[in-house]
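Visitor: 3D, please:
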Amino acid sequence: VYEMNVRQQTPEGTFAAAEERLPFLRELGVDIIWLMPIHPIGELGRKGSLGSYYAIRDYRAVNPEFGTMEDFERFLLRAHELGFRVILDYVANHTSPDAAWVTEKDPAWYVRDSTGAPAVQYDWTDIAKLNYDCPAVREAMTDVMKFWIAKGVDGFRCDVAGEMPDDFWTAAFTELKSIDPDIYLLAEGEGPN
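Guide: Numbering: from 1, shown residues only. Here you go, the predicted structure:
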């Protein structure tokens, strides 16, 4: 499994440039390419000038600095032609504070602080924590994974998986495996669950 940071993989930092590196990675014996988050990065509370990949504004889009959705689809096609499986870093715990969901969805979609603002977890000042007690959040987040599977993605590396309820993962994975029995799932977790 090779973790790829598209921005830093090449001087250009694009899907097209990263695609050119695929034959080399194949020669190294890589089987699975894990793409760090490829989505647009939030601006509100942004850390540094570039922001964190893990402060996602839109789960169904690609970061324009990497290219277009068509560029991503070409990268994915070429990776599959070379025999790779491609997994996405899936950030289910939180969005950026300026994600459309913060203002467009029911306030119950987010864990709120005492002032009613979306809660910030740890020192992650560039995030808004999702509320998994809200059934609509669970459905939306499962739909995000289904969207990318429909694009041809082979699985997910689930960021801070232990922060979400186990029953969310159980239900989501059951549904995903009914779509693709060979889906590759990798959890970032510290506990036995």
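
Visitor: next SSE after the longest strand belonging to the chain?
Guide: Of all the segments assigned as strand in the chain under DSSP state E, the longest by residue count is strand 85-90. Sequence order places strand 94-95 as the next helix or strand after strand 85-90, per DSSP states H and E.

Visitor: distance between that following strand and the chain's centre?
Guide: 10 Å (C-alpha atoms, centre = their mean, to the nearest Å).

Visitor: so what strands line up beside that strand?
Guide: When pairs are called by DSSP bridges, strand 94-95 turns out to pair with strand 128-129 (antiparallel).

Visitor: now the helix or strand just after the partner strand: mean pLDDT?
Guide: Using DSSP H and E, the next helix or strand after strand 128-129 towards the C-terminus is helix 135-151. In this model, helix 135-151 has a mean pLDDT of 98.

Visitor: which elements pack onto helix 135-151?
Guide: Under the contact definition 3 or more C-beta pairs under 8 Å, 6 or more residues apart in numbering; DSSP states H and E, helix 135-151 sits against helix 69-81, strand 85-90, helix 166-179. In short, each C-beta sits where N, CA and C put it, glycine included.

Visitor: repeat that with 6 Å
Guide: Applying 3 or more C-beta pairs under 6 Å, 6 or more residues apart in numbering; DSSP states H and E, one finds that helix 135-151 contacts helix 166-179.

Visitor: excluding its backbone neighbours, what's nearest the most centrally placed residue in the chain?
Guide: For the chain, the residue whose C-alpha lies nearest the mean C-alpha position (C-alpha atoms, centre = their mean) is Tyr90; its distance is 2.9 Å. Across the structure, with C-beta to C-beta, 6 or more residues apart in numbering as the measure, the residue nearest Tyr90 apart from its sequence neighbours is Phe156 (4.0 Å).

Visitor: who is the one you found paired with across the strands?
Guide: For Phe156, the beta-bridge partners are Leu88, Leu185 (DSSP bridges).

Visitor: just give me the neighbour total for it.
Guide: 26 (other C-beta atoms under 10 Å).

Visitor: quick check: pLDDT value at it.
Guide: For Phe156, the predicted pLDDT is 98.

Visitor: for Pro40, which non-adjacent residue is closest in space?
Guide: Distances taken as C-beta to C-beta, 6+ apart put Arg57 closest to Pro40, at 4.4 Å, once the chain neighbours are dropped.

Visitor: can I assume the one you found is in contact with Ser96?
Guide: Yes: between Arg57 and Ser96 a contact is recorded at 5.0 Å, counting by C-beta atoms under 6 Å.

Visitor: looking at these two, which is more packed in?
Guide: For Arg57 versus Ser96, the count of surrounding residues by other C-beta under 10 Å is larger for Ser96: 28 against 21.
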